[in-house]
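S.K.: Need a 3D model of the sequence below.
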Amino acid sequence: MSINNGNTDFNLSVSQTGEKSLKVSWSRSGGIGYNGRIDIQRPGDGQIVYSKTYNQGDKKGSFTFEVPYFGEYKVHIKSNNGQTYDFIYRNVFLKAVKEKKYTYKAADVQKVQDGELFLLGAITGIGMYAAMLGSVLSIYFGTRQAASTKITFPNPRAGDTLTTTYTPVIGGVQTVVKFVQKPYKDKFGNSFSGGTYTSAPTVAKYITYPK
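M.R.: Below you'll find the predicted structure:
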């Protein structure tokens, strides 16, 4: 549920729409007032991720903004140099199981062989990060409130896959990373069956805005 606080009724409404967007609307018969604006502040440090300004006589407005991460956001409408305001805290949460699959390309394999830091967009989006470096690759993932976890697997070949599964749980997201090595032959013609490497499930709590 959202929490509405302030000293003036702007009829402020904030709801989640789509995967991780906020739908914001407001109305006030006398207009928003001088220096009217709406700020959306991100979890954790409260930094403003989006602002929208209005003319003094504007009596209503609405917009949709896709937030960068899941978590609790503060939506703050204010005017008259911030002396008149309302605000709502809204939790943007993962609604359903989501899976992202990445298939390695020849260029990716070359990056690994060259020892380059390889960032994977396949497992980002929930305040997570991932990087692979070295002959045995490691992926680290986590959020501000969760210890990082590691999964290690052999050097990838073109056609190998990396799948990340996000599952909504109470208060956060459970993440599992799976690397599948397809069957292959070495340079001597020997056949190998490949293998599957799966991380332990990691639960990351949503980042909350400090009230």
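S.K.: List the contacts of Val24.
M.R.: If a contact means Cβ atoms under 8 Å, 6 or more residues apart in numbering, then Val24 has Leu12, Ser13, Val14, Ile38, Ile40, Ser62, Phe63, Thr64, Phe65, Val75 as its contacts. Backbone N, C-alpha and C define where each C-beta goes, glycine included.
S.K.: Assign a three-state SS to Asp86, would you?
M.R.: Reducing the assignment at Asp86 to three states with DSSP: H, G, I helix; E, B strand; the rest coil gives strand.
S.K.: thinking it is in contact with Asn5, fair?
M.R.: Yes: Asp86 is within contact range of Asn5, at 7.0 Å (criterion: Cβ atoms under 8 Å).
S.K.: When the two are compared, which one has more neighbours?
M.R.: It is Asp86, of Asp86 and Asn5, that has more neighbours when counted by other Cβ atoms under 10 Å, with 20 against 13.
S.K.: tell me which residues of whichever strand or helix holds Val14 are tucked away?
M.R.: Here Val14 is covered by strand 13-17, with elements defined by DSSP states H and E. Of the residues in strand 13-17, Ser13, Val14, Gln16 count as buried by neighbour count, 16 or more other Cβ atoms under 10 Å.
S.K.: The last one touches Leu22, doesn't it?
M.R.: Yes: between Gln16 and Leu22 there is a contact under Cβ under 8 Å: 6.5 Å.
S.K.: which SS class is the residue of the chain most remote from its centre?
M.R.: Taking Cα atoms, centre = their mean as the measure, the residue most remote from the mean C-alpha position of the chain is Phe188, 44.5 Å away. Counting by three-state DSSP, the backbone at Phe188 sits in coil.
S.K.: Roughly how far does it sit from Gln181?
M.R.: 18 Å (Cβ to Cβ, to the nearest Å).
S.K.: Can you list which of the contacts of Val24 are found in helices?
M.R.: Under the assignment DSSP state H, the contacts of Val24 contribute nothing to helices.
S.K.: Which of those sits closest to Ile48?
M.R.: For the contacts of Val24, the closest approach to Ile48 (Cβ to Cβ) belongs to Ile40, at 6.9 Å.
S.K.: which residues touch the closest residue to the closest one other than its chain neighbours?
M.R.: Distance criterion Cβ to Cβ, 6 or more residues apart in numbering; nearest residue to Ile40, sequence neighbours excluded, is Tyr50 at 4.4 Å. Each residue near Tyr50 by Cβ under 8 Å, 6+ apart is listed here: Asp39, Ile40, Phe65.
S.K.: So Tyr50, which state does it fall into?
M.R.: Recorded secondary structure, Tyr50: strand (three-state DSSP).
S.K.: ok, now Gln110?
M.R.: helix.
S.K.: shift numbering so it begins at 56
M.R.: From this message on, residue numbering opens at 56, which makes the last subject Gln165.
S.K.: how close does it get to Pro238?
M.R.: Counting by Cβ to Cβ, the gap from Gln165 to Pro238 is 22 Å.
S.K.: again, but for Leu217
M.R.: 17 Å.
S.K.: I'd say Tyr109 and Lys115 touch.
M.R.: No: counting by Cβ under 8 Å, Tyr109 stays clear of Lys115, with 9.5 Å between them.
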